[in-house]
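# A predicted structure for the sequence below; I have some questions about it.
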Amino acid sequence: MQRVAALMRRFAVVVAFLAGALHSLAYAPCMIRLLAPVTLAILFWLWRDLSPRRAAVVGFAFGAGLFLAGTYWVYHSVHTVAHAPASIAVVLLLGLVAIMGCYPALLGAVSMTFLPRSRRRREWLALPAGWVLLEWARGWFLSGFPWLGLGYATLDTPLSGFVPLVGVYGVSLLVAFLAAALLAWVDGARARRWGLVLLVAGVFGLGAWLASRQFTVATGRFHSVALVQGAIAQDEKWEAEHRERTFAVYRALTEKALGHDLIVWPESALPVLYHEAVPYLEGLYRQAQARHSDLLLGLIRYDTERAGYRNGLVALSASETWYYKRRLVPFGEFFPVPEFVRGWMHGLDLFYVDFIPGDADQPALRAAGERIGATICYEDAYAAEQLAVLREATLLVNVSNDAWFGESSAPHQHLEITRMRALEAGRWLMRATSTGITAFIDPQGRIVARSPQFLPTVLEGTVEARTGLTPYARFGNAPVLLLSALLLLLAFWRRRAH
């Protein structure tokens, strides 16, 4: 065993990279949840007794392995679907991997420079707290990319019972503590090991009990809902010869769904701007109203006042209300590049356009007699930005165009993120996507019904409106971030004191 440990330390960078790649299997679609604390424990162990510079390199390798294995689909989206040159797709993927690798690299360097030399204090206090704070930071820094957070690996485990109390970052902290407990168990004497087993069992038992609690209030108002999945391939959608087929598919599926209280289309369902589709939509709206159905439709709209495009979701009920996407996709919906790069892109005939983001504070949509909190595409990964609307929203909806990701792991990861939002909010969540995975998610974050991918589908279900706020919806991330900051300060003080 000592020989294996010595060999792992000798090749610490390679081991860290492989551990990071294995860590990606803790998330959908593989969902080998135990890998999250185990691989993190390996990283914590590799950091022991390293110089700050070496710890940074090992941390970077872990992050690079995780995001190369976990977000490889960026290449597919940019090259295969968007038809950008392979070289650009590789640069964007490796750029993302490099940026994401910097976060664990920073934690490794800081922990070995400023935090306690005592392994117990560093691994129980500093590393879990530092990991969570950096996970939170990468959710907003440079536009943010909160993908593959530790907390998502708690879904379908007893730890998910803590989610309505502390949110995704709170359960990330619990997973990091489990990694520290695993290392302490390996190092400890028999009596200490039993104590750790009892502690972990108590945490899991409390989580299982919390999972049975309800933090929001059922109203007794049930609604039948139809989620429309057109299954139009992204590389066909905007081709002129496929336009009529797209219109026909969504008309046929919508007519099939008539009679439901609410019919939901995915993000940017039609390959035209909203004003160009008005005659088509007026016909569907008349049919829907005749059958007492309201419509929620994902469409692109041209804003004449600001002379730009908006990615929107319109509710067609007794009145027309809009929600506009706030979190735009870098290099997809806006291009943070200088003008000379734009000129080069134009010379290569690469399509680019900057969308206008929606306002940060938008009211819930009104449809089917309810107020519906909306998100479009990957902005449902930004948990804190959805808390304000929960004070009025009785249902949640996410519409997305996951056709960009093909048969990769991305649609499964995205569905996992959406499940976390339903659990944090204690609300039913309706998810309509262009090619799948369309789903109904209950207030416990469980998938009640889901569609097959790449098949035209009308997914039917019943949802119940709920009111009230979970503890997380009331207080947001502040308690967990404050606790993490205090743990770091305590660890730093202990080093100064010794």
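Happy to help now that I have it. Numbers count the residues shown, from 1 in each chain.

# pretty sure residue 396 contacts residue 424?
No - counting by CB atoms under 8 Å, residue 396 does not reach residue 424; the two are 10.2 Å apart. C-beta coordinates here come from the backbone N, C-alpha and C atoms, glycine included.

# Pull the number of nearby residues for residue 83.
Number of residues near residue 83 (other CB atoms under 10 Å) recorded here: 12.

# any idea how far residue 415 is from it?
If you measure residue 83 against residue 415 using CB to CB, to the nearest Å, the figure is 26 Å.

# C-terminal to the helix or strand bottoming out on mean pLDDT in the chain, what's the next element?
Of all helical and strand segments in the chain, the minimum by mean pLDDT, DSSP states H and E falls on helix 339-347, at a mean of 48. The first helix or strand that comes after helix 339-347 along the chain, using DSSP states H and E, is strand 365-367.

# so what does that next one touch, helix or strand wise?
In terms of contacts (3 or more CB pairs under 8 Å, 6 or more residues apart in numbering; DSSP states H and E), strand 365-367 is packed against strand 294-303, strand 308-316, strand 320-324, strand 370-376.

# Turn those into CSV, including mean pLDDT and mean neighbour count.
Written out in CSV, the entries for the helices and strands packed on strand 365-367 read as follows (pLDDT from 0 to 100; neighbours: other CB atoms under 10 Å):
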stretch, mean pLDDT, mean neighbour count
strand 294-303, 96, 22
strand 308-316, 95, 22
strand 320-324, 95, 19
strand 370-376, 97, 25
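
# Looking at these, spot the one closest to residue 44.
Go through the helices and strands packed on strand 365-367 one by one with CB to CB and the one that ends up closest to residue 44 is strand 370-376, at 34.1 Å.

# Where is the longest strand in the chain?
Counting by DSSP state E, the longest strand found in the chain is strand 217-229.

# what's the helix or strand just after it in contact with?
Proceeding N to C from strand 217-229, the next assigned helix or strand is helix 234-237, under DSSP H and E. The contact list for helix 234-237, computed with CB atoms under 8 Å, 6 or more residues apart in numbering, reads 81, 83, 242, 246, 271, 401, 403, 404, 434, 435.

# out of the residues you listed, who has the most neighbours?
residue 435 (29 neighbours).

# Is it correct that that residue falls within a helix?
No - the assignment for residue 435, made by DSSP: H, G, I helix; E, B strand; the rest coil, is coil rather than a helix.

# What segments of the stretch 351-498 of the chain are helices?
Assignment of helices within the stretch 351-498 of the chain using DSSP state H, counting those that start in this stretch yields the ranges 410-425, 471-475, 478-497.

# what's the second one packed up against?
Spelled out, it's helix 471-475. In this structure, helix 471-475 packs against helix 163-187, helix 410-425, with contacts taken as 3+ CB pairs under 8 Å, 6+ apart.

# Show the contacting residues for residue 361.
Contacts of residue 361 were listed using CB under 8 Å, 6+ apart, and they are residue 388.

# what's the average pLDDT for the longest helix seen in the chain?
For the chain, the helix with the greatest residue count under DSSP state H is helix 86-114. Confidence over helix 86-114 (mean pLDDT, whole number) is 93.

# Next, the angle from it to helix 478-497.
Helix 86-114 and helix 478-497 meet at an angle of 50 degrees, taking axes from the mean of the first three to the mean of the last three CA atoms, to 10 degrees as the criterion.

# what's helix 86-114 packed up against?
Going by 3+ CB pairs under 8 Å, 6+ apart, helix 86-114 lies up against helix 52-70, helix 73-75, helix 127-137.

# List the buried residues in stretch 357-369.
Of the residues in stretch 357-369, those with enough neighbours to count as buried (16 or more other CB atoms under 10 Å) are 357, 358, 362, 364, 365, 366, 367, 368.

# Dump those into TSV; add distance to residue 225 and pLDDT as well.
Compiled in TSV, the buried residues of stretch 357-369 are given as follows (distance: CB to CB, whole Å; pLDDT from 0 to 100):
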residue	distance to residue 225	pLDDT
357	28	91
358	24	92
362	21	95
364	16	97
365	14	97
366	15	97
367	10	97
368	8	96
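
# For these, give me a markdown table that also has distance to residue 458.
As requested, those are exported to a markdown table (distance: CB to CB, whole Å):
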| residue | distance to residue 458 |
| --- | --- |
| 357 | 31 |
| 358 | 28 |
| 362 | 28 |
| 364 | 25 |
| 365 | 21 |
| 366 | 23 |
| 367 | 17 |
| 368 | 16 |
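
# Tell me how far the closest residue to residue 9 other than its chain neighbours lies from residue 52.
In space, residue 9 comes closest to residue 46 once its chain neighbours are excluded; the distance is 7.1 Å by CB to CB, 6 or more residues apart in numbering. Distance check for residue 46 against residue 52: by CB to CB, it reads 14 Å.
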